[in-house]
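mind folding the following:
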Amino acid sequence: MGEGAWCHTRDYVEMQWLMLQQEQPEDYVIASGVQNSVRDFINTVGRELGMEITWQGLGLEESGTDHVGKVIVRVDPRYFRLTEVQTLPGAPSKAKEKLGWTPTIGYEELVAEMVREDLKSAERDKRLKKHGFAAYDHHE
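Model (predicted):
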């Protein structure tokens, strides 16, 4: 599974603000500089939900199962990008040196926040459906 750099929106916005305070415009890389694979992300989400995911297979045949062996995640080639890249490291060294910027929200905290917010949305949608209302689909 591919890799990417994960960085919280609050950190991105802070960096954008710092860039706008400069007298001369320059290009900066806004990134955490830390890479995590999609598998790392799924495992971190699983831990946040109290689930242990076991991986088997390679490449397109890779899948993750829960504690009873039920497949809960698998590779789906329909979502591959035409120009898929395997790694997106991001090197924010210039931003650190010239502007003193470093991300303040770590990967684990970022994933935990994402899980909490998704659980809140799922609970809200469940309550709406229980009372006969159509849930707002925020993924469209």
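
low-confidence stretches in the protein?
Residue ranges of the chain with pLDDT under 70: 1-5, 84-89, 135-140.

not counting its neighbours along the chain, what's nearest His67?
When the adjacent residues along the chain are set aside, His67 lies closest to Glu52, with 6.0 Å between them (C-beta to C-beta, 6 or more residues apart in numbering). The C-beta positions use only the backbone N, C-alpha and C, and glycine is treated the same way.

what helix or strand is the one you found located in?
Glu52 belongs to no helix or strand when assigned by DSSP states H and E.

go on, the one 3 residues further on?
Counting by DSSP H and E, the element that carries Trp55 is strand 54-56.

who's in contact with that strand?
Applying C-beta atoms under 8 Å, 6 or more residues apart in numbering, the set of residues contacting strand 54-56 from outside is Arg39, Glu62, Ser63, Gly64, Thr65, Asp66.

7 Å instead?
For strand 54-56, the external contacting residues (C-beta atoms under 7 Å, 6 or more residues apart in numbering) are Arg39, Glu62, Ser63, Gly64, Thr65.

sheet partners, orientation included, of that strand?
Paired neighbours of strand 54-56 in the sheet (DSSP bridges): strand 63-65 (antiparallel).

if we go by neighbour counts, what in the partner strand is buried?
Judged by neighbour count (16 or more other C-beta atoms under 10 Å), strand 63-65 contains these buried residues: Gly64, Thr65.

ok, back up a step: what separation do you get for the residue nearest to His67 and Gly64?
Noted for Glu52: a distance of 10 Å to Gly64, by C-beta to C-beta, to the nearest Å.

what's the answer for Val45, then?
Here Val45 is placed at a distance of 11 Å from Gly64 (C-beta to C-beta).

ok, now Tyr107?
The value you get for Tyr107 to Gly64, if C-beta to C-beta is used, is 19 Å.

repeat for Thr102
Noted for Thr102: a distance of 32 Å to Gly64, by C-beta to C-beta.

got it, and Lys126?
For Lys126 relative to Gly64 (C-beta to C-beta), the value is 24 Å.
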